[in-house]
Every structure is written in structure tokens, then in C-alpha cells.
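[1] I would like to see how this sequence folds:
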Amino acid sequence: MHRVSSALKENSRKEVEDGWFQQGGVTGSNWQQPAAKAGNNTHSSNNKNENIQLRFSWDHQQRLQHKVCLPITMFLLVFTLCLMLIPELLDPDLSLQTQRHATSLLAGSSIPPMMREEQQQHKFPADLINSTSRNFALEEELTQEGAVRGAQGSWASSTGVVQDDHVQSKDIVLPSGADLNPLQLSAAMQIYVYDLPTQFNENWLVDKRCSNHLFAAEVAIHRILLSSPLRTLNPDEADFFFLPVYVSCKFSPKTGFPSIGHAPQTIHSAVSLVSSVMPYWNRSKGSDHIFVATHDFGACFHSMEHFAVAHGIPEFMQNSIILQTFGERTWHKCQEVENIQIPPYVSPSAMSPYMLPPPQVRKRNIFAFFRGKMEIHPKNYSGHLYSRGVRTAIYHRYGHNKLFYLRRQRAEGYQEELLRSIFCLCPLGWAPWSPRIVESVVFGCVPVIIADNIALPYSHVLNWSSISLTVREADVPRLAKILLHVAATNLSAIQKNLWRAENRRALLFLEPLHTGDATWHLLDLLSRKIGRSHVARSPITTKK
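    Now for the predicted structure:
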């Protein structure tokens, strides 16, 4: 305040000296000029009186400034303090909300910018997203009523290391049972999404292939969970913890396919980071933590089976939950872990332009269709047997058969070819599963699955035997006869089942989340593993 008064005084004195104030404007209205002595009414006397008058006026001006400016300044200070304090008095949670918005939290309060650009909404036919399929990204059913009370960790901007500011909350107030299960899953649950440094995920999105290739479920699931009503920002409330690490976005310059040799070390680095600064991994030894491993042989992280089996699942992941596309009906070393089998990823954005008209009204003039990698010799350039020789046998046996439309390379118009086909061949590649299974179902072409012992995703809700054909690998020489027999007997029944909208919806990772889509089903299966949670929940929150 003293500095302000001094500055005002100096400015006022300068203005007087520069002549900015006129005499009549600065003299007080109640001031009476003293009477001059007779005979001394000279020019010098007049100048002296004028100087006295100016000095008196200056003193009067300073008194006015102290009387007026000081109270105004104090009032402004008090008013500013009130503006700062009133919001917190009215809403104690506001300061915590502001803190979350202003700092980079492990929970991450918003979708990363590059990921937001990737997250697009696509129009689908009404029967695919019908009135019973709810858009949960547009609903705010899960209000986190008193749910967030603990401080949360934040990334140190200078070092990229997490600072553990977390305090265990003793008085967490959970929402009511009805609100706690907004997706109507088998059991209520909440998921905490770690906001890892961007080198683990977002940085990879500069390559557009990262979010569109056959392993891209790791990106889609992360994106969908960020806007899911099951997401909690308070790790103390979380039943499960999701680590978003993109390990399928490093593409080989030679083949153009994802290279996953670095995956175990990359995921281990993420686990080391979160376990060193937060208690949740160590508390459960990772049993309530979720990873995505949508590769040929899941978390074994190799495209060739004998190498995958030799590597096995990394020890640090063996107690966790793996979301994987790989699955077999009998024992396999690469599924010796708690896992949920999910569909191969097919981009909804690539599908949407071809979804109308619906598949049942399409004219289908290709009897049996396959386009993709078919080795002329059983062993490919690597010297290893590809597809257990099945694709080579199909090519040699039916390459000149007019019933079969076989092409060895992908090309423009692939989706239109699917829409024109009655049967779509889905032979195994390096692994039993193939994205062609999803593509065939979505485009209404009967999948012909040729992969012995394969397990198919979501078989608890999808009756695969009623919407597809399974042909043994040894029966490839009889394939034409088998397909002709089906066409002459029960093809219409299979197509009728296949063309039901719920079957197509169950295999697509729609954005945003809809009831009955691929993400909803994996969340429902995850909720059945609620016994791994360290959060006590009331039985009334489970779905009837």
C-alpha cells in the first residue's frame, strides 16, 4: 500500500510541475485566500500568493487521495479474496475438480488430443443400433456422488516419473446400487484407467495404421473406456485397473505387419512405473489388472506357434487378466492365464459405408470367396509352414474351379466382394483366428471356418453353429462338395440367423459404447470376475 501511495504522489507532483492542473481546478472551494497587506499588491506578491495557493492545493489533494483511494483499495482486496473463497465454500469439491483439470493425473481427466481426433462417430443401420442399444457416452447416468475424496498421483513434468500423492480414503461413499451398474452387466464394477506417459500409447497414433489394423482393439478399448460410465477417477473405488500400452503399432518395414518382439519389455516398463508409485499392483500382485494382447498367440507375443509356446506368457503377467483374440478349445500354453477372448478388430469406420442396404437384400453371385495370403509352396519365405498348409491346399485344389473366387492379394473393392459372396472362406493363418470371421458376419457372408480346435469369441451369446460352417482341415479336398450340400439343404436357415443385427453388433467395437456390442460383452464377462476386486460391494448391485 505504501508503494501505491508513493507512486500516486510522485505522479501527481509531476503532473502539477508539468502544468496539467490549472489553478482554478485544484484550489479547494472552501479555501479563502488571506488578505494581502496594503501597498504590497505587486507582481512578485501575486506570484508568491499563487505558489502558496498551489502548495495548499497539493496538500489538500494528498489528503483527498488518502481518504478516497485507501478505502477503495482495501475494498478491492477484500472483494477479490471473497471471489476466491466463495466457490469453495459453496462447493467443497470444486477445488478438487480444478486440481484434476489443471494437473496431469494418473487417472487422466480427458481424452488425449490425438486420440480425440481418432475417435469418430459413424452412422450405422437402425437395425444394428436399435432402440434397445443405448449410447452410454451420451448419458450421464453414473454421477460420481461423493466418490472422489482422495488425493491422486500426478506425473512430474520434468522427469516423467509419477509422484505418489495418493492417500487412502476411509470414507468413500459409493453411489446407490442402481446407479453403480449403469450398463446392466452381470455385476456392478468400476475401472481405473492409468494415464501413462504418451510414449506408451498416444505417440504411436501418428501412424494411422495403429488404430485400424487387425490388432487395433488395444487402441479401441482404451478409447472407449475413457468415456465409459464405468470409469472411476479414484483408484480406491476401482475393481479393475486398465494399463493402456500399445505394443502392436511398430510395423515391420519389410512386411508392413506389426512387429511385437518389443512387447514384453514395453509392458514390463509400464508395470514397473505404476507399481513403484501406487500401491494397487503390489496389493493384488496384478490380479485385478487388465492387459490387451490381441496378437496371434496372445500374451506369448510371437506370430509363430512353436516360438510362442517356447516363450510362454511373461511371468509378471501370469496373474493378470488378458483380453486376447487367440483361443483354443483345449489346453494351450498361451492361454494359461485368466483371459477373455474378444473378436478380432475390424474398423467400424471401414465398414459403415457398406452397411446399407442390409445384407439380406444384396445380390450374391460369388459362390465361395477368399482374398488374401495364399502361399504357392507350403513353406513361406521364412522357411516355416504357414497355415499348416491349408491355404496352399485350397489354392492348388480350387484355384481353377469356377465356383471359387480366390485371389492371393488384397485389393480395392474387397468389401464389395464380401457383399457379393455366399460363402467366405476363413482358413487359419499363423494362428487359428482371423479377422475374416468378423468381416464375413458383418457383411452377411456365411463364414467357412477351417481351423481345427479353434475357440470362437462370445460363444456364450453367439450360436456359432447356426451362423457359420466349420470344416476340418483334413476335409479341404471335400470342401466343394460340402458347400454344395449346404447350399442345397439349409443355407436359407443359416443366412436368416446370420443376418440378425445382434450377431453383427456383438463383433464390432462401436464408438461410443452400445449395449450388446463387442466392448459391452467383454465388460460383462469382466464383471463376472468381480471376485478379484478388492472393493467390498453389496450383492444388490448385481444384475438379476
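
[2] just checking, I342 touches T325?
    Yes. If you go by CB atoms under 8 Å, I342 and T325 touch, sitting 6.1 Å apart. For glycine as for every other residue, the C-beta is placed from the backbone atoms N, C-alpha and C.

[3] overlap in contacts, those two.
    A217, T294, P457 (CB atoms under 8 Å, 6 or more residues apart in numbering).

[4] scan those residues and report the most crowded one.
    Neighbour counts for these (other CB atoms under 10 Å) peak at T294, which has 27 neighbours.

[5] need the three-state assignment for that residue.
    Judged by DSSP: H, G, I helix; E, B strand; the rest coil, the three-state class of T294 is coil.

[6] where's it relative to P427, distance?
    20 Å (CB to CB, to the nearest Å).

[7] please, where are all the strands along this structure?
    For the chain, applying DSSP state E gives strands covering 154-155, 162-163, 191-193, 240-242, 289-292, 321-324, 338-341, 366-371, 404-407, 421-427, 446-450, 469-470.

[8] check what pLDDT L233 gets.
    For L233, the pLDDT comes out at 97.

[9] what sits against S287?
    Shown in contact with S287 (CB under 8 Å, 6+ apart): N319, S320, I321, E338, R532.

[10] the last one touches D288, doesn't it?
    Yes. Between R532 and D288 there is a contact under CB under 8 Å: 4.8 Å.

[11] who touches both of those two?
    D239, F240, I321.

[12] which of the residues you listed has the largest number of neighbours?
    Neighbour max across these (other CB under 10 Å) = F240, 26 neighbours.

[13] separation between it and G389?
    41 Å.

[14] low-confidence ranges in the stretch 151-300 of the chain?
    151-179 (pLDDT under 70).

[15] with the stretch 1-150 of the chain instead?
    The model of the stretch 1-150 of the chain has pLDDT under 70 over residues 1-71, 73, 77-150.

[16] let's see that with 50 instead.
    Counting by pLDDT under 50, the stretch 1-150 of the chain has low-confidence residues at 1-56, 58, 86-110, 120-122, 131-132, 137-150.

[17] how about L214, what does it touch?
    T294, P344, Y345, V346, P435.

[18] and of those residues, the nearest to L462?
    P344 (13.9 Å; CB to CB).

[19] doesn't W433 make contact with that closest one?
    Yes. Contact criterion CB under 8 Å: P344 and W433 qualify, at 6.0 Å.

[20] neighbour count winner among the two?
    W433 (29 against 22).

[21] can you show me the helices along the stretch 401-544 of the chain?
    414-419, 435-442, 464-467, 479-488, 491-498, 501-505, 518-527 (DSSP state H, counting those that start in this stretch).

[22] so for the last one, mean pLDDT?
    What that stands for is helix 518-527. On average, helix 518-527 scores 98.

[23] so what's the nearest residue to W499 once chain neighbours are set aside up against?
    In this structure, W499 finds its nearest non-sequential neighbour in Q360, 4.7 Å apart by CB to CB, 6 or more residues apart in numbering. Listed by CB under 8 Å, 6+ apart, the contact set of Q360 reads G444, Q495, W499.

[24] rerun that using 10 Å as the cut-off
    D127, G444, Q495, K496, L498, W499, R500 (CB atoms under 10 Å, 6 or more residues apart in numbering).

[25] what's the neighbour count on the third one?
    By the criterion of other CB under 10 Å, Q495 has 17 neighbours.

[26] hang on, isn't it packed against I422?
    Yes. Q495 is in contact with I422 according to CB atoms under 10 Å; the separation is 8.4 Å.

[27] so for these two, which residues contact both of them?
    R364, G444, C445, V446.

[28] how far away is the closest residue to the last one other than its chain neighbours from P197?
    Looking back up the chat, that one is V446. Distance criterion CB to CB, 6+ apart; nearest residue to V446, sequence neighbours excluded, is F423 at 5.1 Å. Counting by CB to CB, the gap between F423 and P197 amounts to 47 Å.

[29] looking at those two, which is more packed in?
    F423 (27 against 16).

[30] any idea what that one is bridged to?
    Beta-bridge pairing for F423 (DSSP bridges): A368, V446.

[31] contacting residues around it?
    Taking CB under 10 Å, 6+ apart as the test, what F423 contacts is 364, 366-370, 403-404, 440, 445-448, 468-469, 479, 482-483, 486-487, 491, 494.

[32] related to what we said a few turns ago, export the strands of the chain to a markdown table and tack on distance to R397?
    Output for these, formatted as a markdown table (distance: least, CB to CB, whole Å):
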| stretch | distance to R397 |
| --- | --- |
| strand 154-155 | 57 |
| strand 162-163 | 58 |
| strand 191-193 | 48 |
| strand 240-242 | 45 |
| strand 289-292 | 37 |
| strand 321-324 | 32 |
| strand 338-341 | 31 |
| strand 366-371 | 12 |
| strand 404-407 | 9 |
| strand 421-427 | 12 |
| strand 446-450 | 12 |
| strand 469-470 | 17 |
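
[33] out of those, which is closest to R223?
    Closest among these, using CB to CB: strand 191-193, at 10.4 Å.

[34] ok, F301 - contacts?
    247, 260-264, 267, 293, 295, 307-308, 311-314, 317, 334.

[35] once you drop chain neighbours, what's closest to it?
    Nearest non-adjacent residue to F301, counting by CB to CB, 6+ apart: A263, 4.6 Å away.

[36] give me the number of residues near that neighbour?
    Neighbour tally, A263, other CB under 10 Å: 23.

[37] give me the distance between it and V245.
    For A263, the distance to V245 - CB to CB - is 8 Å.

[38] which neighbours do these two share?
    With CB under 10 Å, 6+ apart, A263 and V245 have common neighbours F291, A293.

[39] residues near T255, how many?
    T255 - counted by other CB under 10 Å - has 10 other residues nearby.

[40] distance of it from K373?
    10 Å.

[41] how about E315?
    33 Å.

[42] and those two? Which one has more around it.
    Taking other CB under 10 Å, E315 and K373 do not tie; K373 has more neighbours (15 against 9).

[43] the more buried one and T489, how far apart?
    32 Å.

[44] now for N490: which residues touch it?
    Counting by CB under 10 Å, 6+ apart, N490 has contacts S466, K496.

[45] where does it land on pLDDT?
    Per the predicted model, pLDDT is 96 at N490.

[46] and D517, how many neighbours?
    Using other CB under 10 Å as the criterion, D517 is surrounded by 25 other residues.

[47] so who does it touch?
    Here D517 is in contact with 128-129, 133, 224, 348, 502, 504-511, 523 (CB under 10 Å, 6+ apart).

[48] for I340, which residues are in contact?
    I340 sits in contact with 290, 321-324, 327, 457-458, 521-526, 528-529, where contact means CB under 10 Å, 6+ apart.

[49] so what's it closest to, chain neighbours aside?
    L525 (4.9 Å).

[50] pretty sure the one you found contacts I342?
    Yes. Counting by CB under 10 Å, L525 touches I342, with 8.9 Å between them.

[51] could you check how far the closest residue to D452 other than its chain neighbours is from I450?
    Nearest residue to D452, sequence neighbours excluded (CB to CB, 6+ apart): E473, at 5.1 Å. The gap separating E473 from I450 is 6 Å, by CB to CB.
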